[in-house]
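Chemist: can't give you the sequence, but here's the structure:
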């Protein structure tokens, strides 16, 4: 009965029009320059890279980060993100002779690891933790992760109190 | 149906103020008896299914993945404290600035101004009261004696339970009478473990599955309402397109509408009830249109006030006349006094390291319940009354978030199993006191020209003692179950966040000390009935909505009989 009803339920028209695009950022949620947004995308991709499953960049995690920092966090967080991106650009050019985005994946990983280990100041640590935590959150709340990894179901239709762990995934 | 703004168009048999959980029931019962009924709702219309804009959204479809934007939080410090207020539900809550009130003492007033009111948002727990609750004030010497006992309400509990659809076990407990139950939700391994541990150590304490307003075995009466079995989505507060849980929107309001006898008028803020000195009764209500601010009068033979506890007090206080200078029916002077709430400050959490080969699957819109065990049959502690508690266990997972790159990603997609996390929250009875009050501000008005409500509620010494006892008893109970890492927490939250404010127009036997008689009828103005939280003489520990529903159905039945006898 329950499953059949789910199939028969006619949803209102507004519910059938959602696409990834319809919930994409509005202009009011942007505050980073195009270059900074591209840099943030590559940093997030370095934290969670493409493997046999999509990485941060293709899941739009950088867009999520910018939106959350702009809309849900205070101006201090916004400044920390902007300043941190500037610092990354600055240090990468000075110490490595090229922009972060021009590095290969191995160089990028090494660069981000060094950013924290070489006596980083508080601002840099704040920036690093902000971006890393939001990258993880953006990845684990993405449609891809919730659907394919966490197996989220909008309409589970049941609750079983005790199931063996081996078959519960 | 549209109102025709003529004298005849403004005349009804009955008026119901409010369309929430009790107003919906009043509407259903009055129209069932063929009465031409006007239902006034101060907020906008919310139609079942079509007005649940987030009802079928996946978590990733929300612009901020359900996090509240900072400007919303900053503009709404009160409602942002509510657990159910998030990106997917903001449209069902009153924003702080829209409807101001005065906090004489801190009070987080959580409101849902729309058709259906808070019945869209409630936690859906439906536990009956017993005589151990109704006899409380008389036994322990506070408030006044309830004019009713369990036997008066029992058939009406059954009546509303069958229609609303309640799931639960028949547990055979004196303090929590059994009802008309559909099959219960399952407990999980950790919860069953706790249930057994408590049963073996205590004769007087039980862990049971919560009784809740979810359809687990829908019957014909529910299919007739257009409702179907609960799908365990656990996003109830966004509105349920299945009608899996009971709300006015899914159930009583469309049912009343089908009779053709109901006129539903949203955006209608009730200013006051009109009292006719010559006739010696109420003749109608004054309504401010929320959009045009124009005032209109509507008339009826009987009036049901179901505006939710605080606003029902406000309307009665604002209904003054030379006969009732201090508010309608307020000969006793108790209107707005003896208001109370539930104490939800205390929680206790722990880890359970057993049953590590098991977990849960799916989701459950309910959790186990520990009925009151303190001072049940006689006074035993250094505080009056007692508390019930929720109990909930879930298997936790954790991930190693160290480092960056492919290894971090691998960890994120392969979380490790942690132990079971268990938690309880206290639901404490508070004692209604004369100096716990709501009143009208002398100068401040709301956007409709109605005086703002001043709220003066507070915790007292009895509440503090009860919290201490809850920690002690639950620590002992958790230890008996072998739980580790036991942690108590006092949220220090202000009254109000429990969303169980009650009283102010209490029921009682004596017109000198109460507002309402045993039929929820104003002692001094017999054609006005109050059947929402304002009527509550004491609070007990149970989630109160089921009792409001039963009181409402019972009061309508009485009112209709009295109308037939020409007494009303």
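Modeler: Good, I have the coordinates. None of the values given here were measured: they were computed from a predicted structure.

Chemist: Can you tell me the closest non-neighbouring residue to the residue of the stretch 401-550 of chain B found nearest chain A?
Modeler: Nearest residue of the stretch 401-550 of chain B to chain A (CB to the nearest CB) works out as residue B:404 at 4.5 Å. C-beta coordinates here come from the backbone N, C-alpha and C atoms, glycine included. Nearest residue to residue B:404, sequence neighbours excluded (CB to CB, 6 or more residues apart in numbering or on different chains): residue A:47, at 4.5 Å.

Chemist: residues touching the residue of the stretch 401-550 of chain B closest to chain A, list them.
Modeler: A:46, A:47, A:48, A:109, A:112, A:113, A:132 (CB atoms under 8 Å, 6 or more residues apart in numbering or on different chains).

Chemist: which outside residues touch stretch B:326-336?
Modeler: By CB under 8 Å, 6+ apart, stretch B:326-336 touches B:272-273, B:275, B:282, B:313, B:316-321, B:324, B:434, B:437-439, B:504-506, B:511-515, B:522-525, B:528.

Chemist: if you set the cut-off to 6 Å instead, what comes out?
Modeler: Residues from elsewhere that reach stretch B:326-336 (CB atoms under 6 Å, 6 or more residues apart in numbering or on different chains): B:273, B:313, B:316-317, B:319, B:324, B:437-439, B:504, B:512-513, B:515, B:522, B:524-525.

Chemist: follow-up on the earlier one: now do the contacts for the residue nearest to residue B:404.
Modeler: So residue A:47 contacts A:132, A:135, B:404 (CB under 6 Å, 6+ apart).

Chemist: again, only this time at 7 Å
Modeler: By CB atoms under 7 Å, 6 or more residues apart in numbering or on different chains, residue A:47 lies in contact with A:56, A:132, A:135, B:404, B:408.

Chemist: Span of stretch B:142-161 from start to end?
Modeler: This stretch, stretch B:142-161, spans 30 Å end to end (CA to CA, to the nearest Å).

Chemist: Spell out which helix or strand contains residue B:15, please.
Modeler: strand B:11-17 (DSSP states H and E).

Chemist: Indicate each strand paired with that strand and its parallel or antiparallel sense.
Modeler: strand B:37-40 (parallel), strand B:295-305 (parallel) (DSSP bridges).

Chemist: Please tabulate these in CSV and include mean pLDDT and mean neighbour count as additional columns.
Modeler: As requested, the strands paired with strand B:11-17 are exported to CSV (pLDDT from 0 to 100; neighbours: other CB atoms under 10 Å in any protein chain shown):
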stretch, mean pLDDT, mean neighbour count
strand B:37-40, 98, 27
strand B:295-305, 98, 22
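
Chemist: follow-up on the earlier one: could I have the buried ones of the contacts of stretch B:326-336 as ChimeraX selection syntax?
Modeler: A single ChimeraX command selects the buried members of the contacts of stretch B:326-336 (16 or more other CB atoms under 10 Å in any protein chain shown):
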select /B:273,313,316,317,319,324,437,438,439,504,513,515,522,524,525
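
Chemist: Would you agree residue B:355 is in contact with residue B:193?
Modeler: Yes: if you go by CB atoms under 7 Å, residue B:355 and residue B:193 touch, sitting 6.5 Å apart.

Chemist: Which stretches in the stretch 1-150 of chain B count as helices?
Modeler: All helices of the stretch 1-150 of chain B, identified by DSSP state H, counting those that start in this stretch, fall at B:21-32, B:70-75, B:131-134, B:136-140, B:150-164.

Chemist: Could you do chain A as well?
Modeler: In chain A, the segments counted as helices under DSSP state H are A:2-8, A:34-47, A:61-72, A:75-91, A:105-117, A:122-140, A:143-144.

Chemist: where does the stretch 51-200 of chain B have low pLDDT?
Modeler: Within the stretch 51-200 of chain B, no stretch falls below the threshold (pLDDT under 70).

Chemist: How about the residues of it by chain A?
Modeler: Within the stretch 51-200 of chain B, the positions near chain A by CB under 7 Å from any CB of the partner chain are B:53, B:56, B:58-61, B:63-65, B:67-70, B:185-189.

Chemist: Tell me the secondary structure at residue B:453.
Modeler: strand (DSSP: H, G, I helix; E, B strand; the rest coil).

Chemist: if I pick it, what's in contact with it?
Modeler: B:101, B:102, B:310, B:314, B:438, B:440.

Chemist: so the last one sits in a helix?
Modeler: No: counting by three-state DSSP, one finds residue B:440 to be strand, located in no helix.

Chemist: burial of the closest residue in space to it that isn't next to it in sequence, as a residue count?
Modeler: Closest residue to residue B:440 apart from its sequence neighbours, by CB to CB, 6+ apart: residue B:451 at 4.0 Å. By other CB atoms under 10 Å in any protein chain shown, 17 other residues sit near residue B:451.

Chemist: What of residue B:401?
Modeler: Residue B:401 has 12 nearby residues by other CB under 10 Å.

Chemist: ok, now residue B:11?
Modeler: 14.

Chemist: I'd guessed it sits against residue B:299; true?
Modeler: Yes: the pair residue B:11 / residue B:299 is scored as a contact, 5.1 Å apart, by CB under 7 Å.

Chemist: so what sits against both of those two?
Modeler: Counting by CB under 7 Å, 6+ apart, no residue touches both residue B:11 and residue B:299.

Chemist: correct me, but residue B:417 touches residue A:165?
Modeler: Yes: here residue B:417 lies in contact with residue A:165, judged by CB under 7 Å, at a distance of 6.4 Å.

Chemist: Setting aside sequence neighbours, what's the nearest residue to the spatially most central residue of chain A?
Modeler: Nearest to the mean C-alpha position of chain A, by CA atoms, centre = their mean, lies residue A:61 at 2.7 Å. Nearest non-adjacent residue to residue A:61, counting by CB to CB, 6+ apart: residue A:138, 3.7 Å away.

Chemist: and the gap between that neighbour and residue A:82?
Modeler: Using CB to CB, to the nearest Å, residue A:138 is found at 18 Å from residue A:82.

Chemist: Quick one: name the residues of the stretch 251-400 of chain B near chain A.
Modeler: Near chain A, when you scan the stretch 251-400 of chain B using CB under 7 Å from any CB, you find B:357, B:358, B:359, B:360, B:361, B:362, B:363, B:364.

Chemist: that older thread, out of the contacts of stretch B:326-336, which are inside strands?
Modeler: Counting by DSSP state E, the part of these found in strands is B:273, B:437, B:438, B:439, B:504, B:522, B:525.

Chemist: contacting residues around the nearest residue to the fifth one once chain neighbours are set aside?
Modeler: In space, residue B:504 comes closest to residue B:313 once its chain neighbours are excluded; the distance is 4.0 Å by CB to CB, 6+ apart. For residue B:313, the residues meeting the contact criterion (CB under 7 Å, 6+ apart) are B:335, B:336, B:438, B:504, B:505, B:534.
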